[in-house]
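Participant: this one's sequence-less:
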């Protein structure tokens with residue numbers, strides 16, 4: 001019997017849905033409103049959201065029964081979700097400041113923190129996979 005976390009699968013699918021929507025929004029609605037630099041930043045945020053959303057989905061469907069420390073697998077998924085929110089979210093806000101006229105410069109340091117969560121998530125997955133499952 002495999003134990004999948006259906007909530008994590010659903011949330012991962014929503015992250016991927018948002019990645020599609022933000023990608024299309026950037027390509028069609030923001031194309032003439034943002035500078036090339038800000039549009040590239042927007043696309044970077046979309047790409048990272050896709051990559052890590054797929055990673056989250058993969059983690060969500062890994063059978064909990066094959067991992068000796070399922071809490072590490074859970075933490076890996078949560079770190080990736082946090083990374084998506086901080087990294088991609090901050091870039092989305094920062095790249096649209098010329099349109100929104102909101103002062104979001106304080107979000108600048110949030111982006112690399114999101115990147116650190118991505119790294120931590122992938123390392124946690126690696127560590128959870130290296131532990132030998134006790135029979």
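Facilitator: Done, it's in. This one's a predicted model, so the numbers in the text were calculated from it and none came from an experiment. Numbers count the residues shown, from 1 in each chain.
Participant: mind checking how far the residue nearest the centre of the chain is from residue 103?
Facilitator: Among the residues of the chain, residue 84 comes closest to the average C-alpha position under Cα atoms, centre = their mean, at 2.7 Å. As judged by Cβ to Cβ, to the nearest Å, residue 84 and residue 103 stand 24 Å apart. In this view, the C-beta of every residue, glycine as well, is placed from N, C-alpha and C.
Participant: repeat for residue 111
Facilitator: For residue 111, the distance to residue 103 equals 16 Å [Cβ to Cβ].
Participant: so which of these two has more stuff around it?
Facilitator: A direct count of neighbours by other Cβ atoms under 10 Å for residue 111 and residue 103 places residue 111 higher, at 20 against 8.
Participant: other residues contacting the host helix or strand of that one?
Facilitator: For residue 111, the element it lies in under DSSP states H and E is helix 110-130. When contacts are defined by Cβ atoms under 8 Å, 6 or more residues apart in numbering, helix 110-130 is touched by residues 48, 52, 55, 59, 67-70, 72-73, 75-80, 82-91, 94.
Participant: if you count neighbours, what's buried in it?
Facilitator: The neighbour-count check on helix 110-130 (16 or more other Cβ atoms under 10 Å) flags 110-111, 114, 117-118, 120-122, 124-125, 128-129 as buried.
Participant: low-confidence ranges, the protein, go.
Facilitator: 1-3, 64-65, 67-68, 131-135 (pLDDT under 70).
Participant: from the buried residues of helix 110-130, which is closest to residue 11?
Facilitator: residue 121 (14.0 Å; Cβ to Cβ).
Participant: look up how far residue 83 lies from the closest one.
Facilitator: Distance of residue 121 to residue 83, given as Cβ to Cβ: 6 Å.
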